[in-house]
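Student: Need coordinates for the following:
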Amino acid sequence: MARSGTLWAKLLARSGQNCIFCYNDLTMLNYNEIKERKYIVLDDTPYEVLEAHVFRKQQRKPVNQTKLRNLINGSVRQETFHAQDTVVEADINKTKYVFSFMKSNRQNGVDEYWFFEREKRSNRALLTSELLGDAVKYLKEDCEVDALVYNDTVIGITLPLKMTFKVIEAAPAVKGNTANGASKLVKIETGIMITTPLFVNEGDSIVVNTTDATYSERAQA
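Tutor: Numbers count the residues shown, from 1 in each chain. Sure, this is the predicted structure:
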């Protein structure tokens, strides 16, 4: 069965076409095709699939247990899909945007992050910290991101898998501490702490994995 709420009724009413053509116009995902980094529609709302795990409960039919993030308000929900379930894949386009600045809105108590389209600076987008989630840890002025565009509106971003940051604080390595795998915490320019090898110094630039906030390598000059 379809798990998209009233979406189908609305699409049918708008199209004036028969059901066969409506199915052909949309991409449907079976329960086991709902995977991480996919975008789906539930209850007329776009969601990002954060986690997905297909397994069989004892002698029962397999299910797909997922964790989904609402791309409109940033909330997270758990959802279980069964073998007979199908969902609509959200029609989300990606456009290159550039992070411009952040300001605090004192009236509603949220931080606002402003972006502009790389190819058309007059196209601007505002996203709150609630919608951006952990992505705010990596935003620095003029960094480029993929904006998620749904129904002609920017509703979120995806970061590059790896980004380069300047180290602004790093304790000097302790003399004689040469143990394999020895590490230390350093602060990068966005203010977060990253675990790095001992040889990383203040002023260095390092490459960070944005999926898990881990050190990748020292950036080449």
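
Student: What sits closest to the residue most central in space within the chain if chain neighbours are left out?
Tutor: For the chain, the residue nearest the mean C-alpha position is residue 158 (4.7 Å; C-alpha atoms, centre = their mean). Sequence neighbours aside, residue 146 is the residue nearest to residue 158 in space, at 4.6 Å (criterion: C-beta to C-beta, 6 or more residues apart in numbering). C-beta here means a position set from N, CA and C on the backbone, and glycine is covered the same way.

Student: ok, now residue 173?
Tutor: Leaving aside its chain neighbours, residue 173 sits nearest to residue 198 (4.0 Å; criterion: C-beta to C-beta, 6+ apart).

Student: what's the answer for residue 68, then?
Tutor: Nearest to residue 68 is residue 47, by C-beta to C-beta, 6+ apart, at 4.1 Å.

Student: now residue 202, nearest residue through space, not along the chain?
Tutor: In space, residue 202 is closest to residue 170, 4.4 Å off (C-beta to C-beta, 6+ apart).

Student: State the phi and psi torsions of that neighbour.
Tutor: Phi and psi for residue 170, reported as degrees, to the nearest 10, are phi -160, psi 120.

Student: Mind listing the residues bridging to it?
Tutor: Residue 170 has these beta-bridge partners by DSSP bridges: residue 186.

Student: Quick check: it vs residue 41, distance?
Tutor: The gap separating residue 170 from residue 41 is 45 Å, by C-beta to C-beta, to the nearest Å.

Student: if we can go back for a sec, OK, contacts around the residue nearest to residue 202?
Tutor: Contacts of residue 170 were listed using C-beta atoms under 8 Å, 6 or more residues apart in numbering, and they are 184, 186, 187, 196, 200, 201, 202, 204.

Student: Wait, the third one touches residue 193, no?
Tutor: Which is residue 187. Yes - assessed by C-beta atoms under 8 Å, residue 187 is found in contact with residue 193 at 5.6 Å.

Student: Which residue of these two possesses the greater neighbour count?
Tutor: Taking neighbours as other C-beta atoms under 10 Å, residue 187 and residue 193 compare with residue 187 leading, 15 against 12.

Student: nearest residue to that one other than its sequence neighbours?
Tutor: In space, residue 187 is closest to residue 169, 4.0 Å off (C-beta to C-beta, 6+ apart).

Student: Can you give me the pLDDT of that neighbour?
Tutor: If you check residue 169, the pLDDT there is 97.

Student: what's near enough to touch it?
Tutor: Here residue 169 is in contact with 186, 187, 202 (C-beta under 8 Å, 6+ apart).

Student: Try it again at 10 Å.
Tutor: The contact partners of residue 169, by C-beta atoms under 10 Å, 6 or more residues apart in numbering, come to 185, 186, 187, 188, 189, 191, 193, 202.

Student: Now do the buried residues in whichever strand or helix holds residue 55.
Tutor: Residue 55 is part of strand 45-56 when elements are defined by DSSP states H and E. By 16 or more other C-beta atoms under 10 Å, the buried positions in strand 45-56 come out as 45, 46, 47, 48, 49, 52, 54.

Student: Sheet partners, orientation included, of whichever strand or helix holds the residue nearest to residue 158?
Tutor: Taking DSSP H and E as the criterion, residue 146 maps to strand 144-150. Strands that pair with strand 144-150, judged by DSSP bridges, come out as strand 93-105 (antiparallel), strand 153-158 (antiparallel).
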